[in-house]
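# have a look; sequence and predicted model below, questions after that.
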Amino acid sequence: MNDEPRIHPTADVSPGATLGPRVQVWHEVQVRENAVLGADCILGKGVYVDFGVKIGDAVKIQNRASVYHGATLEDGVFIGPHVVLTNDMRPRAITPDGVPKSDDDWIVGETLVRYGASIGAGSIILPGVLIGRFAMVGAGSVVTKTVPDYSIVVGNPARMVGYACACGEKLPSGDTLLKCHSCGRRYQEIHDDNGRNCGLVAIDD
């Protein structure tokens, strides 16, 4: 089996980027300098991966999604078409004096998408957000704050509406011990010292 990355002739991949084994880079993709992609990633048509972005193994990024500097995607993440992971909470093209802003006069907001999480088509992820393990962001959502592990969030701003199993099925509600009707995996709801919801932990792993 050929482990070399597969790069479409129309793609623009910086020589300073690092692509792992069996990566597939499709039409009109741009991957900038110092970006790092793990093994078995797929970048669909028109995907933009900014400089310094870190992407784990087996990540799938669908057509026209944009992943900006400051983002880290762990293994197994799914990014739907036209998703944007932003990195500037206070964007301006110019200073108050009308001078064009430079690369040095703004603060990068870092975003972390944890293992196995999915972000639905057309969603916008604001900087400084953490999206938990196997969380599921509904299509068209605007995510402004941390999404707990296994949570399902939808809307603008995104709000939690339930939990998703690692297999993708919605988990039944009404108890702190949840069992997936589809695959049988079981989960325990957890909270911090202040009683705030911290998502689920799998109890069958």
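Done, it's in.
# distance of the residue of the chain positioned farthest from its centre relative to residue 105?
Distance from the centre of the chain peaks at residue 97, with 35.8 Å (Cα atoms, centre = their mean). Distance of residue 97 to residue 105, given as Cβ to Cβ, to the nearest Å: 12 Å. For the C-beta atoms, the positions are set from N, CA and C on the backbone; glycine is no exception.
# can you check residue 35 too?
In terms of Cβ to Cβ, residue 35 sits 23 Å off from residue 105.
# quick one: which of these two has more around it?
residue 35 (23 against 10; other Cβ atoms under 10 Å).
# got the contact list for that one?
14, 17, 18, 49, 50, 51, 52, 53, 54, 55 (Cβ atoms under 8 Å, 6 or more residues apart in numbering).
# next, it: phi, psi?
In terms of degrees, to the nearest 10, the main-chain angles of residue 35 are phi -70, psi 150.
# what does the pLDDT read for it?
At residue 35, the pLDDT value in this model is 98.
# likewise the one 4 residues further on?
On the pLDDT scale, residue 39 is placed at 98.
# please apply the same query to the one 4 residues further on.
Confidence at residue 43, expressed as pLDDT, is 98.
# likewise for residue 195?
Confidence score, pLDDT, at residue 195: 78.
# secondary structure element for it?
In the assignment (DSSP states H and E), residue 195 maps to no helix and no strand.
# same deal with the one 4 residues further on?
Using DSSP H and E, the element containing residue 199 is strand 197-202.
# now swap in residue 161 and tell me
strand 159-163.
# right, and residue 167 touches residue 183 too?
Yes: counting by Cβ atoms under 8 Å, residue 167 touches residue 183, with 4.5 Å between them.
# what's the overlap in contacts for the two?
Counting by Cβ under 8 Å, 6+ apart, no residue touches both residue 167 and residue 183.
# so for the helix or strand of the chain with the lowest mean pLDDT, what gets flagged as buried?
Lowest by mean pLDDT, DSSP states H and E among the helices and strands of the chain is strand 197-202, with a mean of 86. Of the residues in strand 197-202, 199, 200 count as buried by neighbour count, 16 or more other Cβ atoms under 10 Å.
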